[in-house]
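Engineer: Requesting a structural model of the entry that follows:
(2 chains)
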Amino acid sequence: MTDFVQLWVYLSSTPLFGLTATLVTYVAAQALYDRMGRAPWANPVLWSVASIGLVLLATGTAYPTYFAGAQFVHVLLGPAVVALGWPLWVRRAEVRRRGVALTLAAVAGGVCAAGSAVGLAWLFGMPVDVLLSLAPKSVTAPVAMGIAERLGGVPALAAVFAVLTGMVGALSAKVLFGLLRIDSWAVRGFALGTASHGIGAARALQVHPDAGAYAGIALGLQVLLASLLMPFVVRWMP
Amino acid sequence: MTALRGLALLLLLQAAGEALAHSLALAVPGPVIGLMLLLPALQLSWIRTPVAAAAELLLAHLSLLFVPVGVGVITHLGLVSQYGIQLLVVIVLSTWIGMAVTAIVLRALMREESAKEKPGD
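Structural biologist: Modelled structure (predicted):
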């Protein structure tokens, strides 16, 4: 038993632990998701985050110890954001043809998502740094962190809010679109990508190829619009 | 190998974006500038082919990349226990509002567009 404890103490302090835990848990969560017929509640991000979080808390492992290994996955978010140019380029004819409609919808949805989040949190009396970290929550996590930092929020909180937003969108989009009678896969995918970024887009891609393509366009557009517009909006606030 | 060459190109574009963002003190994050640099560069086939392979690999497993930051929620348990329910209400409602507004606006604009395309109908 003491041997086992010593081995655990050794392994959990090396970067190998964080990287292995992240990949193994995600692969298992993805297998569960596939087995459950890709039901929204079985979302692999949700279950990976919850199980790794619980293991860290139960074993008293500090987050930085985990992150020492998990950062090798995390750094790939940067090139993944650059790679969002690819779906935009593939669908460039559609982006050009429907450019005005898509941009208007993306701006309207982005402003309403950010505005309602900040407004509601302000009503609940949350501190200013939390409000500023909530503003970019509909933008993919790495970009949300960058925007929050420039606005004066907390990057780590912004990332957590963005991931939660992505999970809420992926979990509830089906029901919401059903209630609103949105039948078009293009519109569904675009709305999911606009409001809940990469996690929503990943869900859209698994449901229907058209939804996935439009979610990819929305994801790229939201990244561009939010990073260009948000710093200006905050500058004008009292 | 093609995907690996693509990843190298994506990292180079990100680095160029970060360099521009820092040296010009831009408000836009480096990877987003990298994205803007990528769009015209995709005209060149020696960039397009490898970037396509790397992009498809990265974007197919995009959700995995969010796990490390997501686990970071355990470092903010204080905030979560203080504002837990309120934060959940804020995040759920604002996500639904954003999603509904985008869908309704886009549906209306696309209907108008297809009505213009078929004036006889």
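Engineer: which residues does the residue lying closest to residue B:107 once chain neighbours are set aside contact?
Structural biologist: Spatial nearest neighbour of residue B:107, chain neighbours left out: residue A:187 (5.2 Å); criterion: CB to CB, 6 or more residues apart in numbering or on different chains. In short, each C-beta sits where N, CA and C put it, glycine included. Contacts of residue A:187 were listed using CB atoms under 8 Å, 6 or more residues apart in numbering or on different chains, and they are A:214, B:103, B:106, B:107, B:110.
Engineer: can you tell me which of those residues lies nearest to residue A:134?
Structural biologist: Nearest to residue A:134, judged by CB to CB, of these is residue B:103 at 21.7 Å.
Engineer: what about that closest one, neighbour count?
Structural biologist: Around residue B:103 there are 27 other residues, counting by other CB atoms under 10 Å in any protein chain shown.
Engineer: Quick check: chain neighbours aside, which residue is closest to it?
Structural biologist: residue A:191 (3.8 Å).
Engineer: Also residue A:38?
Structural biologist: The nearest residue in space to residue A:38 (CB to CB, 6+ apart) is residue A:206, at 5.6 Å.
Engineer: just checking, the one you found touches residue A:40?
Structural biologist: No: if you go by CB atoms under 8 Å, residue A:206 and residue A:40 don't touch, sitting 10.3 Å apart.
Engineer: Just want to know which of the two has more residues nearby.
Structural biologist: residue A:40 (18 against 15).
Engineer: I figured that one hits residue A:170, correct?
Structural biologist: Yes: counting by CB under 8 Å, residue A:40 touches residue A:170, with 6.2 Å between them.
Engineer: Return every residue with contacts to both of these two.
Structural biologist: With CB under 8 Å, 6+ apart as the test, residue A:40 and residue A:170 both reach residue A:203.
Engineer: Helix or strand: which one has the residue nearest to residue B:107?
Structural biologist: helix A:185-207 (DSSP states H and E).
Engineer: Which residues belonging to that helix are considered buried?
Structural biologist: A:185-205, A:207 (16 or more other CB atoms under 10 Å in any protein chain shown).
Engineer: Kindly report the same for stretch B:36-48.
Structural biologist: B:36, B:37, B:38, B:41, B:42, B:47, B:48.
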